[in-house]
Every structure is written in structure tokens, then in C-alpha cells.
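Colleague: this is a predicted model, with the sequence first.
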Amino acid sequence: MKREPRGRLYQESEFVFDEFNGLKIEQLIVCENHKSEPILIYIKVRNRNWHQYFLDAGIGFWENWDNLEDIEDDEQFKYVDSTEKLNLNGKQISKIYCTTDFKNSSIVIEFKNKEKLILKCVNPEIFDSECELIKTTE
């Protein structure tokens with residue numbers, strides 16, 4: 001399988017990432033700080049590289065991370081495999097996008113079964129507030 005080149009794909013307040021539409025999640029790893037706040041999210045779907053996404057400075061970032069290497073818990077960060085906890089294994093993605101949320105952005109992954117996984121600021125009206133990762137059902 002040919003790997004795509006590694007690098008930043010988006011660094012904006014709004015974007016649509018359609019490369020994973022129709023694909024199924026294999027694994028989702030959350031890098032958390034000492035307060036259990038999600039800092040980075042790593043996502044792996046079938047037949048694609050690892051990708052990383054996060055919020056910072058009020059905007060969303062999405063990167064092709066190629067292989068996931070050298071991630072280990074340390075004093076500052078903990079890497080949590082949240083695939084089972086969030087019941088994501090094999091969930092089919094219908095849409096991924098970043099949208100403006102007051103003074104910040106949020107990154108949303110929508111699934112075929114109408115569930116959503118949302119990375120957003122806890123207080124979106126406060127620029128660059130702490131983040132949270134939530135799963136919703138409609």
C-alpha cells in the first residue's frame with residue numbers, strides 16, 4: 001500500500017476533510033494533559049495513514065501523520081486508546097469538518113449511524129479555552 005506524504009493539510013477556522021468519507025475507524029488515540037484535557041487526537045482508518053487533529057489558537061488543525069511512532073506516556077501527557085471506550089471500532093465515517101464556534105472552532109466527525117464525535121472548546125465564547133471530546137447521538 002502506498003503511503004501519502006506526511007504534513008499539515010488544514011490550519012483554518014473552517015474546512016471539510018472528505019478523504020475518510022465512507023471509511024471505517026480502526027483506532028482513535030487521545031493525547032491528554034495532566035488535567036485529562038484532549039490535546040491531540042490520532043485517528044486511523046482502514047487503508048490510510050494515521051492522521052492527527054487538534055484545536056489551537058481558536059482554529060482547527062488536521063495533519064497526515066503517516067505512522068504513529070514513539071508515543072509514550074510521560075509526566076506531561078498520557079496517550080489513551082479511546083476506540084473501545086467511545087465504541088468507535090468499525091464505525092463508518094460519513095463526514096469530517098471544522099466549523100466556527102463563537103471565538104473558536106470545533107472539529108466534527110459524523111458517522112453513518114448519525115452519531116458524532118466532536119472536539120470543541122469547553123467555553124467557546126472564550127478564545128482558546130480548554131478542549132473536550134464528546135460523542136453525541138441524534
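Modeller: Now that the structure is in, tell me what you want to look at.

Colleague: now do the same end-to-end measure for stretch 117-134.
Modeller: Terminal residues of stretch 117-134 lie 6 Å apart, using CA to CA, to the nearest Å.

Colleague: buried residues in it, which are they?
Modeller: Using 16 or more other CB atoms under 10 Å as the test for burial, stretch 117-134 gives 117, 118, 119, 120, 121, 124, 129, 131, 133. The way it works is simple: take the backbone N, C-alpha and C, and place the C-beta from them, glycine included.

Colleague: ok, stretch 93-109 next?
Modeller: 93-98, 101, 104-109.

Colleague: repeat for stretch 55-67
Modeller: 55, 58, 59, 60, 61, 62, 63, 64, 65.

Colleague: residues in contact with that stretch?
Modeller: 3-15, 17, 42, 49-54, 98, 103-107, 119-121, 127-128, 131 (CB atoms under 8 Å, 6 or more residues apart in numbering).

Colleague: so which helix or strand takes in residue 80?
Modeller: Element membership for residue 80, per DSSP states H and E: strand 78-81.

Colleague: quick one: low-confidence ranges for the protein?
Modeller: Residues of the chain meeting the criterion pLDDT under 70: 1-6, 70.

Colleague: change it to 50
Modeller: Along the chain, segments meeting pLDDT under 50 span 1-2.
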